[in-house]
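Visitor: sequence plus the predicted model coming up.
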Amino acid sequence: MARRPHRSPHGRPWLAGSLVLLLAAGGCSYFHHASKAAAAGKRPVTASLTLKPFLVNLADPGGMSFLRVQIALGLTAPEPTGAAAGPAIAAARDGIISTLTTSTSAQLLAPDGKAKLKQRLLAMLRRKAPMLRVGRIYFTDFLIQH
């Protein structure tokens, strides 16, 4: 007569143990990444604010290069409304124009030129318009003319 394998009255304990370990690892991974993002000051973008297009002279010798760019701001908080919105957007536009006009076409056309410009704009917006809570910069239109 063949022997039947012994079955535990509790089912498959190895399956339950594996599931618990998998969930624990997933939770640790989530909290690890969330804490790294918080430490780096990165919050998720929850809203966006598209600004009117900018048309500026670049800082090239001769002053004959132009940049037309449209920028959307990725915000980590709801867009300001009411009386706070006007001054915040005016400060943002002023700072963006000041930053753009100090750039040259060679800087912007370099392989990492747009990424560096985004970093400069983000740092400036966090200083000049902190009430907007800008987390990301998006270029939705970008044209350089010589």
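Guide: Yep, it's here.

Visitor: my read is that residue 70 contacts residue 140, right?
Guide: Yes: contact criterion C-beta atoms under 8 Å: residue 70 and residue 140 qualify, at 4.7 Å. Where you see a C-beta, it was placed from the backbone N, CA and C, and this is true even at glycine.

Visitor: neighbour count winner among the two?
Guide: residue 70 (15 against 12; other C-beta atoms under 10 Å).

Visitor: check contacts around the more buried one.
Guide: 50, 51, 52, 53, 54, 139, 140, 141, 142 (C-beta atoms under 8 Å, 6 or more residues apart in numbering).

Visitor: same thing but at 6 Å, please
Guide: Going by C-beta atoms under 6 Å, 6 or more residues apart in numbering, residue 70 touches 53, 140, 141.

Visitor: what sits closest to it if chain neighbours are left out?
Guide: residue 141 (3.9 Å; C-beta to C-beta, 6 or more residues apart in numbering).

Visitor: relative to residue 82, how far out is that neighbour?
Guide: From residue 141 over to residue 82 the distance is 29 Å, taken as C-beta to C-beta, to the nearest Å.

Visitor: between the two, who's got more neighbours?
Guide: Neighbour tally, residue 141 and residue 82, criterion other C-beta under 10 Å: the higher count belongs to residue 141, 11 against 6.
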